[in-house]
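Enquirer: Sequence first, predicted model second:
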Amino acid sequence: MRPSARLLAGALAAFAVLLVIGGAFAGLIAEVGGNWAGAAAAFDPYLLRIVRFTLWQAVLSTLLSVGPAIFVARALSRHPAFPGRRLLLALFAVPLALPAIVAALGVLALYGRAGWLAPLLGFVWGGDWPGIYGLSGILVAHVFFNMPLATRLLLESLDSVPADQWRLASQLGMGAGSGFRLIEWPAMRTALPGVAALVFMLCVTSFTIVLLLGGGPAATTLEVAIYQALRFDFDIARAVALTILQLLLTIAAVALMATFGAATTGEASISVASRRHAHVPPPERWANALLLGAVAAFVAGPLLATLLSGLAADLARLAGESSVQRATATSLALAAVSATLAVALAWSFVAARGALAARRSGRLAERAADLGPLVSLVVPPIVIGAGWFVLLRRTGGTFAAAPFMVAGVNAMMAMPFAMRALKPAHDAATARHDRLAAQLDISGWNRLRLVDWPALRRPLGVAFAFSASLSLGDLGVIALFGSESVKTLPYLLIERMGAYRTADAAGLALFLGLLCLALVLVADRLGREKP
């Protein structure tokens, strides 16, 4: 592909992103412009209570996720070769691959009023176990998702400590306390603000977990309130006010993450010795074993409950239902379209950035090509969906546009992750082949077939599989635009839960979870294999 074609592809991708986001803002602005009084009246004490709860649950979730992760990461670092360590790290990766709706149902299946642990919890409670709806359920689900993520990120910072420091600590006879104070804590402290900011942003923008586990108006966040205002109350003015607040809150969270997320690199020393810890005394070894066992049980519990509840459902009957088959086909089709769009957008932005770098267009242009696509992380899907919902209702085509909105918004959300998979391989291939391809006058289709495709087919596969997994399990946009004519598996699952068909919901959750896990495993395998 010639540099001019790469720049054109990047410009078209930027236009597509701006069109999706600009259309959402146009809908919001048009609604506010026509009803200033209604939008202003929406800023009432209830709205402020929602904002306060959104921030409060995010702060608590961050503390409960990151605090234990410090000690779990340290325990894993102190024992780099115990049996089952690889399995435990693989277990910690599973929540990252599961749709939020599946994990939330797993939490309910384990800790709910009729959950697997309800008799034990009722005995401890001293009566009938009331369930886990409300703030407690939200916190448990957020910790289930984010504590393994924070642990893996903090463990990476510990693994970046030069081996020479551990060798010197061993020679000096440094104990566990001194090692933590002088080596481990400084390494984690550089990464801790960025990890905490990331977890905080994920909790501020949490939708599915709060929708399923909130349990009522007392435990409602801004994103759930937007959904309720549009789909149940049809209070457009309140939805616009909530959307504006959610956007401002997300921008603040992303700015916080950008501020603290940079200082995560380790010391640039060259290691000359294999990493070995000093002898870990038996009391600490047993304490670490108990900690890791408790954390493994906490993470594995909802997964096991999801599996058992799903297997207890009538899976054969579910698989034979036409509604399930249609929802599965719709989900797979939308996921394929969304993943294709995400990969195309990511490739266009990466190629345009490479062309700008080759032309030496300046650091500002390169940074714009790098950071421009990340605007999709600043604007949550529910905000884009709400804006387009308001805009399309004027034309009467709100629900007819459901497939386009689901595929387009999910593609935008997956695009930054696809770029992360594509960029290193694309930059390496460009640096290796560009001059030779230019000398041989290889361009266009021949360049794609002979040069780019062999180098990028595996990263493209990784990006496609991961983007499809994200789209397959998404509930945010389809919750607004879903209807009898357009249903995905998550939407059908929510319908079955609303009709109190919990066994069917458990079976669908198992099916959906296995589909997403399969896609993530494919992406992981493609990412590990060398071309």
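Expert: In hand now; what should we look at?

Enquirer: ok, then the element right after the least confident helix or strand in the chain by mean pLDDT?
Expert: Scoring the helices and strands of the chain by mean pLDDT, DSSP states H and E places helix 363-371 at the bottom, with a mean of 60. Using DSSP states H and E, the next helix or strand after helix 363-371 towards the C-terminus is helix 375-378.

Enquirer: Now tell me what touches the helix or strand following that following helix from outside.
Expert: Going down the chain from helix 375-378, the next helix or strand is helix 381-393, by DSSP H and E. With contacts defined as Cβ atoms under 8 Å, 6 or more residues apart in numbering, helix 381-393 is touched by 20-21, 23-28, 30-31, 205, 207, 223, 226-227, 230, 236, 239-240, 243, 246-247, 250, 398, 401, 405, 409-410, 412-413, 474, 476-477, 480-481. Quick note: C-beta positions are derived from backbone N, CA and C, even for glycine.

Enquirer: Tell me which residues of stretch 510-519 come out buried.
Expert: 510-513, 515-517, 519 (16 or more other Cβ atoms under 10 Å).

Enquirer: What about these, which are in helices?
Expert: If you go by DSSP state H, these have 510-513, 515-517, 519 in helices.

Enquirer: Which one of the buried residues of stretch 510-519 is nearest to A297?
Expert: G513 (19.2 Å; Cβ to Cβ).

Enquirer: ok, now how distant is that closest one from G310?
Expert: 8 Å (Cβ to Cβ, to the nearest Å).

Enquirer: L508 contacts I494, doesn't it?
Expert: No: with contact defined as Cβ atoms under 8 Å, L508 does not count as touching I494 (9.7 Å).

Enquirer: Quick check, pLDDT for A97.
Expert: Confidence at A97, expressed as pLDDT, is 82.

Enquirer: Do I have it right that it meets C516?
Expert: Yes: using Cβ under 8 Å, A97 makes contact with C516 at a distance of 6.0 Å.

Enquirer: Which secondary structure element is home to S77?
Expert: helix 45-78.

Enquirer: And that helix, what does it pack against?
Expert: helix 85-97, helix 135-159, helix 185-204, helix 222-228, helix 236-260, helix 282-312 (3 or more Cβ pairs under 8 Å, 6 or more residues apart in numbering; DSSP states H and E).

Enquirer: So which bits of that helix are buried?
Expert: In helix 45-78, counting by 16+ other Cβ under 10 Å, buried: 47, 50-51, 53-55, 57-58, 60-62, 64-66, 68-78.

Enquirer: roughly how far out does it sit from the chain middle?
Expert: 16 Å (Cα atoms, centre = their mean, to the nearest Å).

Enquirer: Stretch 375-391 too?
Expert: 16 Å.

Enquirer: With stretch 72-87 instead?
Expert: 25 Å.

Enquirer: neighbour-wise, which of L508 and I494 wins?
Expert: Of the pair L508 and I494, L508 is the one with more neighbours under other Cβ atoms under 10 Å, namely 29 against 22.

Enquirer: which ones are touching the more buried one?
Expert: Going by Cβ under 8 Å, 6+ apart, the list of residues near L508 reads 318, 324, 489, 492-493, 496.

Enquirer: F53 now?
Expert: Counting by Cβ under 8 Å, 6+ apart, F53 makes contact with 218-221.

Enquirer: Please indicate which of the residues you listed are buried?
Expert: By 16+ other Cβ under 10 Å, these give 219-221 as buried.

Enquirer: would you turn these into CSV with distance to A11 and pLDDT?
Expert: Output for the buried ones among the contacts of F53, formatted as CSV (distance: Cβ to Cβ, whole Å; pLDDT from 0 to 100):
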residue, distance to A11, pLDDT
A219, 44, 84
T220, 41, 88
T221, 37, 90
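
Enquirer: Can you pull out the low-pLDDT segments for the stretch 1-150 of the chain?
Expert: 1-3, 34-35, 38-39 (pLDDT under 70).

Enquirer: rewinding a little: return the closest of the ones in helices among the buried residues of stretch 510-519 with respect to A418.
Expert: Nearest member of these to A418, counting by Cβ to Cβ, is L519, at 13.3 Å.

Enquirer: burial of the nearest residue to that closest one once chain neighbours are set aside, as a residue count?
Expert: Nearest residue to L519, sequence neighbours excluded (Cβ to Cβ, 6 or more residues apart in numbering): S469, at 3.9 Å. For S469, the neighbour count with other Cβ under 10 Å is 26.

Enquirer: Assess the claim that S469 and D524 are in contact.
Expert: No: in this structure, S469 is not within contact of D524 by Cβ under 8 Å, at 10.7 Å.

Enquirer: still on that earlier bit, what residues sit buried inside the helix or strand where the residue nearest to L519 lies?
Expert: In the assignment (DSSP H and E), S469 maps to helix 453-472. Neighbour counts over helix 453-472 (16+ other Cβ under 10 Å) mark 455-456, 458-472 as buried.

Enquirer: Show me what it is packed up against.
Expert: Against helix 453-472 (3+ Cβ pairs under 8 Å, 6+ apart) you get helix 322-359, helix 402-439, helix 502-528.

Enquirer: Out of the ones you listed, which is closest to G301?
Expert: Of the helices and strands packed on helix 453-472, nearest to G301 by Cβ to Cβ is helix 502-528, at 14.7 Å.

Enquirer: which residues sit against stretch 293-300?
Expert: By Cβ under 8 Å, 6+ apart, stretch 293-300 touches 68, 72, 88, 91-92, 94-95, 143-144, 147-148, 151.

Enquirer: Quick check: which of the helices and strands packed on helix 45-78 is buried the most?
Expert: Most buried of those, by mean neighbour count (mean count of other Cβ atoms under 10 Å): helix 222-228, with a mean of 26.

Enquirer: what's the nearest residue to A16 if we skip its chain neighbours?
Expert: Once flanking residues are discounted, A16 sits nearest to L345: 6.7 Å by Cβ to Cβ, 6+ apart.

Enquirer: ok, now how distant is the nearest residue to M497 once chain neighbours are set aside from I494?
Expert: Excluding its sequence neighbours, the residue lying closest to M497 (Cβ to Cβ, 6+ apart) is A505, at 4.7 Å. For A505, the distance to I494 (Cβ to Cβ) stands at 8 Å.

Enquirer: returning to that earlier point: and the ones in helices among the buried residues of stretch 510-519, which two are the farthest apart?
Expert: Of all pairs in those, the most separated under Cβ to Cβ is L510 and L519 at 15.4 Å.

Enquirer: for G131, helix, strand, or coil?
Expert: coil (DSSP: H, G, I helix; E, B strand; the rest coil).

Enquirer: Not including adjacent chain positions, what is the nearest residue to it?
Expert: R113 (3.7 Å).

Enquirer: got a list of what that neighbour touches?
Expert: Counting by Cβ under 8 Å, 6+ apart, R113 has contacts 128-131.

Enquirer: Next one: it from A219, what distance?
Expert: Relative to A219, R113 is positioned 16 Å away (Cβ to Cβ).

Enquirer: try W36
Expert: Taken as Cβ to Cβ, the span from W36 to A219 is 31 Å.

Enquirer: before we move on, back to that, what's the closest of the ones in helices among the buried residues of stretch 510-519 to A163?
Expert: The closest of those, once distances to A163 are taken by Cβ to Cβ, is L517, at 34.7 Å.

Enquirer: pLDDT score assigned to the closest one?
Expert: 88.

Enquirer: gap between it and W185?
Expert: Distance from L517 to W185, by Cβ to Cβ: 35 Å.
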